[in-house]
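Participant: What would the 3D arrangement of this be:
(3 chains)
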Amino acid sequence: MPPELRALLEGPVLEVAPRLLGATLRHGDVAVRLTEVEAYDGANDPGSHAHRGLTPRNSVMFGPAGHLYVYFTYGMHHCCNVVCGPEGTASAVLLRAGEVVDGLETARQRRPRSRDRDLARGPARLCQTLDLDLGHNGARLDVPPLTLEPGPAPEAVSSGPRVGLRLASDRAWRFWLPEEPTVSQYRSAAPLPRRRTGR
DNA sequence: CCCGTGATTCTCT
DNA sequence: GAGAATCACGGGC
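Facilitator: Numbering: from 1, shown residues only, chains lettered A, B, ... in the order given. The predicted structure follows:
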């Protein structure tokens, strides 16, 4: 891993996550400047896929830092995370949103109905715009066409509860750049049990 | 608000 | 192995 990327991912995940704001994730022609992320602290974190130990799906998170952990959910969406921390800690940072800073024409073709600010607004949209799917699970982030590069340190960082989690909603482990139009809209986890209609 | 959609994992046999 | 619950979401109304 090159020293720049090592420095970016070094340390506890709660330090790494806000540090990733302003960094640029590139996949081929398209590059996204990250504006919103969430920290997941492996086995210590009830919200993490790694909370119940190693499984086939989450195995990449238990490996070395600097790789992508991609998963498929809701039968149609991909989400991607940057694995960080020492090997075995299974900590990772979910990439929730960003601003397209290169390859805008390609990005628009991938999401024809999106306004520009929505192209990577939300974790599944970010994956679609960058053309990331399960085939990129475990991919290194220092080998073109897939690279992650630091940006200038953010002037200000906001934080709050993570999106869509029932568990551990007391932890303010979502981080974003304030005043950014590309930050995804907050949706709390449905607290009410699903009701059947009719009957 | 509602709901599609299918992999993953857990909990029984 | 089968059945069921869950799910770090997005789009449409």
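
Participant: Next up, the contacts around the most centrally placed residue in chain A.
Facilitator: Nearest to the geometric centre of chain A sits residue A:95, at 1.5 Å (CA atoms, centre = their mean). Neighbour list for residue A:95: A:20, A:25, A:34, A:37, A:79-82, A:123, A:126 [criterion: CB atoms under 8 Å, 6 or more residues apart in numbering]. Every C-beta, even on glycine, is put in place using the N, C-alpha and C of the backbone.

Participant: and what of residue A:164?
Facilitator: A:187-189.

Participant: Including secondary structure, could the residues you listed go into CSV?
Facilitator: Shown next, in CSV, are these (DSSP: H, G, I helix; E, B strand; the rest coil):
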residue, secondary structure
A:187, coil
A:188, coil
A:189, coil
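
Participant: Stretch A:150-163 and DNA strand B, any residue contact?
Facilitator: No - using CB under 7 Å from any atom of the strand, stretch A:150-163 never reaches DNA strand B; the gap is at least 13.4 Å.

Participant: which of the residues in that stretch are buried?
Facilitator: Within stretch A:150-163, the residues scored as buried using 16 or more other CB atoms under 10 Å are A:154, A:157-159, A:161-163.

Participant: which residues pair with the residue nearest to the centre of chain A across the strands?
Facilitator: On the basis of DSSP bridges, residue A:95 is bridged to residue A:37.

Participant: From residue A:132, how far off is it?
Facilitator: Distance of residue A:95 to residue A:132, given as CB to CB, to the nearest Å: 9 Å.

Participant: residue boundaries of the helices in chain A?
Facilitator: Under the criterion DSSP state H, chain A contains helices at A:3-9, A:13-19, A:104-110, A:123-130.

Participant: ranking these by burial, who's on top?
Facilitator: Each of these was scored by mean neighbour count; the highest is helix A:123-130, a mean of 24, by mean count of other CB atoms under 10 Å.

Participant: okay, now the closest residue to residue A:62 other than its chain neighbours: neighbour count?
Facilitator: With CB to CB, 6 or more residues apart in numbering as the measure, residue A:90 is the residue that lies nearest to residue A:62, at 4.8 Å, once sequence neighbours are left out. Neighbourhood size, residue A:90 [other CB atoms under 10 Å]: 27.

Participant: So residue A:90 is in contact with residue A:60, correct?
Facilitator: No - contact between residue A:90 and residue A:60 fails when scored by CB atoms under 8 Å: they sit 9.3 Å apart.

Participant: got any residues that touch both of residue A:95 and residue A:132?
Facilitator: Common contact partners of residue A:95 and residue A:132 (CB under 8 Å, 6+ apart): A:80, A:126.
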